[in-house]
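J.: Starting from these lines, generate the structure:
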Amino acid sequence: MPAHSAATPDGAPASGDAPEPGGGPGPGGSPAHGGAGAQGGAADDVDAVTHAVLTASRLLVAVAARSLAEVEDRVTLPQFRLLVVLATHGDVKLVELADRLGVNPSTAMRMVDRLIAAGLAERRVNPGNRRETVLRVTPEGSRLVADVTAGRRREIAAIVARLDPRQRTALVEALTAFTEAGGEVPAPAVYPLGWT
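T.: As a prediction, the model looks like this:
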């Protein structure tokens, strides 16, 4: 990002003006307001990265939507996300499932009921506490998640293949740093693309 310098409204450098008291060079000849300029540059950099991530997210959402097009008569986006959680984490209790989805338990229960009716999820007695039930994905639900995930992987792989090797390496490093900064745990290899 280019550094900003003092300029007249038409963009030409200001000249012939004596520095105001306290506004001259600081120690070592650097401008006293250099810190403010650096902060402005950092803010511009954050804004540029944010814009780039938002643009990339639109592409990823489009990929996600296309991958679900063939199964949209069976599951909605939120229901697919629930299936991914079950397929990734195994047997879970309703409260834990709701917490992972960021919804209240009653909402999660309604989603689970629809998936059970569709044969994609099921309730089982908790082996560790027979008074509790746990939720799990059925083999049919696992196949649906795998099929959708495979479609996403193929489309993303085709996009990544257009990048040169250096760009691919830089992208892996940048995305890894971004997901770590956001607190996202690494996805297991079996369902690496289960976002919605």
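
J.: Mind giving me the packing neighbours of the strand or helix carrying residue 53?
T.: Using DSSP states H and E, residue 53 sits within helix 34-68. If contacts are counted by 3 or more Cβ pairs under 8 Å, 6 or more residues apart in numbering; DSSP states H and E, helix 34-68 sits against helix 77-89, helix 139-160. In this view, the C-beta of every residue, glycine as well, is placed from N, C-alpha and C.

J.: quick one: which of these is nearest residue 128?
T.: Smallest distance to residue 128 across these (Cβ to Cβ): 15.5 Å, for helix 77-89.

J.: distance between the helix or strand that comes right after the closest one and the chain's centre?
T.: The element immediately downstream of helix 77-89 (helix or strand, assigned by DSSP H and E) is helix 94-101. Computed by Cα atoms, centre = their mean, to the nearest Å, the chain-centroid distance of helix 94-101 equals 19 Å.

J.: Which residues does helix 94-101 contact?
T.: For helix 94-101, the surrounding residues in contact (Cβ atoms under 8 Å, 6 or more residues apart in numbering) are 78, 81-82, 85-86, 89, 92, 104-105, 107-109, 112, 133, 135.

J.: Okay then, goodbye and thanks.
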